[in-house]
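Visitor: this one's structure only:
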């Protein structure tokens, strides 16, 4: 049975993007050799990458035209991808499937044997998957910076959610990787 793991970078004030859509400038405060190696590790462990529509559009635009070479570019373009969207019906990005029923599709895929399923970015999708009880783990890279305005990764919800700390790993640049298991109600 595959695990569903959420991965995202965020600021100390809980934001995953700045005031403008796709303002990820704080990523430079977190990025370095250690996160680069972790990214390569995700590529080796992942059996499926999952995105919400907005994140998918940004990832596709970047990774299909990026001049940088390396393991991350290879796995981002080669791995199977699943996009949650009610407006898209197909994709021309290599190995990509689009679904309007992300909860049903991920429920089915998690039940199958295989490698882990990673959700990158996608705050609204993350909220829906947490609400559906499909998330097994959260991995958050907290950059040592506040940006004051932007989009929070976690939305205010009607209920308290609890997580169990699996590991906390400080990086040499001050970023901390927090790895949590989701406690079931």
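Guide: Nice, thanks for sending it over. Small disclaimer: the values here were computed from a predicted structure and weren't measured.

Visitor: Which parts of the chain are helices?
Guide: All helices of the chain, identified by DSSP state H, fall at 27-30, 33-45, 53-63, 71-78, 102-111, 123-131.

Visitor: Straight-line length of stretch 71-84, end to end?
Guide: From its first residue to its last, stretch 71-84 covers 25 Å (Cα to Cα, to the nearest Å).

Visitor: can you check stretch 120-137 too?
Guide: From its first residue to its last, stretch 120-137 covers 12 Å (Cα to Cα).

Visitor: same deal with stretch 95-111?
Guide: 20 Å.

Visitor: do the same with stretch 10-29
Guide: Stretch 10-29 has an end-to-end distance of 10 Å (Cα to Cα).

Visitor: Mind listing what's buried along it?
Guide: Neighbour-count burial for stretch 10-29, with 16 or more other Cβ atoms under 10 Å as criterion, is recorded at 10-11, 15-18, 24, 26, 29. For every residue, glycine as well, the C-beta is placed using N, CA and C.

Visitor: now those residues as JSON lines including distance to residue 117?
Guide: Formatted as JSON lines, the buried residues of stretch 10-29 follow (distance: Cβ to Cβ, whole Å):
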{"residue": "10", "distance to residue 117": "20"}
{"residue": "11", "distance to residue 117": "26"}
{"residue": "15", "distance to residue 117": "25"}
{"residue": "16", "distance to residue 117": "19"}
{"residue": "17", "distance to residue 117": "23"}
{"residue": "18", "distance to residue 117": "28"}
{"residue": "24", "distance to residue 117": "23"}
{"residue": "26", "distance to residue 117": "26"}
{"residue": "29", "distance to residue 117": "28"}
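
Visitor: Looking at these, spot the one nearest residue 99.
Guide: For the buried residues of stretch 10-29, the residue nearest residue 99 by Cβ to Cβ is residue 16; the value is 22.9 Å.

Visitor: my guess is the closest one meets residue 151, correct?
Guide: Yes: look at residue 16 against residue 151 with Cβ atoms under 8 Å: they come within range, at 6.0 Å.

Visitor: Which residue, other than its chain neighbours, is closest to residue 162?
Guide: Of all residues not flanking residue 162 in the chain, residue 183 sits nearest, at 4.3 Å (Cβ to Cβ, 6 or more residues apart in numbering).

Visitor: where along this structure do the strands fall?
Guide: Ranges of strands in the chain, per DSSP state E, are 4-11, 15-17, 46-52, 81-84, 96-99, 116-120, 137-143, 151-152, 163-170, 176-182.

Visitor: still on that earlier bit, give me the pLDDT value at the residue nearest to residue 162.
Guide: As predicted, residue 183 sits at a pLDDT of 88.

Visitor: Can you give me the neighbour number for it?
Guide: Using other Cβ atoms under 10 Å, residue 183 has 9 neighbouring residues.

Visitor: OK, contacts around it?
Guide: By Cβ atoms under 8 Å, 6 or more residues apart in numbering, the contact set of residue 183 is 161-164.
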